[in-house]
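# Everything below, folded, please.
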Amino acid sequence: MRIGLAGVGRIGAFHAKTLAALDFVDELVVTDADPGAAKSVADELGAEVAPDAEALLASGADGFVITTATPAHAPLLRQGIAAGVPTFCEKPVAATLQETIELTGLVGSTGVPVHVGFQRRFDAGYRRARAAVESGELGLLHTIRANTHDQAPPHASYIPTSGGIFRDCNVHDFDILRFVTGREVASVYATGANKGADFFAAAGDVDTAGALLTLDDRTIVLVSATRYNGGGHDVRMEVHGEKGTIAVGLDHSLAMRSAEEGVDFPRGARKWSFMERFRPAYQAELTAFAQVARGERTSPCTVRDALEAFRVAEACELSRAERRPVALSEIEGI
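Residues are numbered from 1 along each chain as shown. Here you go, the predicted structure:
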């Protein structure tokens, strides 16, 4: 397959390396707003360079991977759809709720396959948790805990374009919550605080956040996020049911230590970034995209899925700003 990739920043360069190592990729062509960056990545991987996305799409690409900064996602996704090329787009597909709604309608009307990059759906632990819920192994669910705790904050320049901590970090929790439980969020109550650098507050954001979600079957979900988790990158989910509890991310790389005497858990090396934590999931995700591009399966994470996760994040941001519970019925959707 000939795969085109737009955007060779941190996640883009990571995806390019992943694609170059996969057996199904015969040719890789990259482009970036910074031609020098594109050439550097291409030289390292033996890839081609296209001057822009239009040229890339016209070069016979079998699949198009969008890993640029968020403001470019929607315009590039529209280009991929217009060219009729199966497209993978990192989250979010757009910076605003309204444009996400518009893109959901566009994709639905054209039939061009689009796969959105929520890599946790391909993580073995989360898939095992989903199976436990679907099989009834846990019985009825009553409580779920989910967290995304970054080891260190991103560069200050990123925060004003990130969309805020709920749209940037916890949106992954909101998507995987839907994936694992098969349920929708009915209402949220969210809050946040600034405990570290001033640039979060300057951008109207927070560096630490929490939310209480109620699902449509009345399951209670506790969600947290922070940009300052010095013990390591910590992404987990606990699913509590009447017959048992299952946890994702509870292994020997856990970014915490026990205060109890005689306990030596965890004993392994910690993980320090989302790329390290989810490397196998990213590989599986891009392999699945190749299957989508070849027509072997439907998209495992659609733009409509991205819209629903975005709506939850939007509700949390509104709740934080107005200091009140927000029903998902208040947030526009399709």
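# Val239: which element?
Using DSSP states H and E, the element containing Val239 is strand 234-241.
# List the buried residues for whichever helix or strand comes after that strand?
Next helix or strand after strand 234-241 toward the C-terminus (DSSP H and E): strand 245-248. With burial defined by 16 or more other CB atoms under 10 Å, the residues of strand 245-248 counted as buried are 246, 248. Glycine gets a C-beta too; all of them are placed from N, C-alpha and C.
# so what secondary structure elements neighbour strand 245-248?
helix 124-135, strand 234-241 (3 or more CB pairs under 8 Å, 6 or more residues apart in numbering; DSSP states H and E).
# middle-most residue in this structure, spatially?
Note on the chain: the residue nearest the mean C-alpha position is Phe118, at 3.9 Å, using CA atoms, centre = their mean.
# Ser59 is nearest to which of the helices and strands packed on strand 245-248?
Ranking the helices and strands packed on strand 245-248 by their distance to Ser59 (criterion: CB to CB) puts helix 124-135 first, at 35.1 Å.
# now the closest one, how far from the chain's geometric center?
Centre-to-centre, helix 124-135 and its host chain are 18 Å apart (CA atoms, centre = their mean, to the nearest Å).
# Report all helices and strands that that helix contacts.
Using 3+ CB pairs under 8 Å, 6+ apart as the test, helix 124-135 ends up in contact with helix 171-181, strand 234-241, strand 245-248.
# tilt between the helix or strand following it and strand 234-241?
Under the assignment DSSP H and E, the closest C-terminal helix or strand after helix 124-135 is strand 141-149. Here strand 141-149 points in a direction 180 degrees away from that of strand 234-241 (axes from the mean of the first three to the mean of the last three CA atoms, to 10 degrees).
# who does strand 141-149 pair up with?
Sheet pairing for strand 141-149, assigned by DSSP bridges, gives strand 220-226 (parallel), strand 234-241 (antiparallel).
# Put the alpha carbons of the helix or strand hosting Thr287 into CSV.
When secondary structure is defined by DSSP H and E, Thr287 falls within helix 279-293. Output in CSV follows, covering the C-alpha atoms of helix 279-293 (Å, rounded to 0.1, in the frame of the first residue of the first chain):
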residue,chain,number,x,y,z
ARG,A,279,2.9,1.6,21.5
PRO,A,280,1.3,-1.8,20.7
ALA,A,281,-2.1,-0.1,20.5
TYR,A,282,-0.9,2.4,18.0
GLN,A,283,0.5,-0.4,15.8
ALA,A,284,-2.8,-2.3,16.0
GLU,A,285,-4.7,0.9,15.2
LEU,A,286,-2.8,1.7,12.1
THR,A,287,-3.0,-2.0,11.0
ALA,A,288,-6.8,-1.7,11.4
PHE,A,289,-6.7,1.5,9.3
ALA,A,290,-5.0,-0.4,6.5
GLN,A,291,-7.9,-3.0,6.6
VAL,A,292,-10.4,-0.1,6.4
ALA,A,293,-8.6,1.4,3.4
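# How about residues contacting it?
Residues outside helix 279-293 that contact it (CB atoms under 8 Å, 6 or more residues apart in numbering): 1, 3, 14-15, 18-19, 22, 24-25, 62-63, 65, 86, 88, 113, 115, 117, 119-124, 275, 297-300.
# Glu285 and Val65: what is the separation?
11 Å (CB to CB, to the nearest Å).
# Looking at the two, which one has more neighbours?
Shown here are Glu285 and Val65; by other CB atoms under 10 Å, Val65 has more neighbours (29 against 23).
# Whatever helix or strand that one lives in pairs with which strands, and in what direction?
Val65 belongs to strand 63-66 when assigned by DSSP H and E. Applying DSSP bridges, strand 63-66 is found paired with strand 2-6 (parallel), strand 87-90 (parallel).
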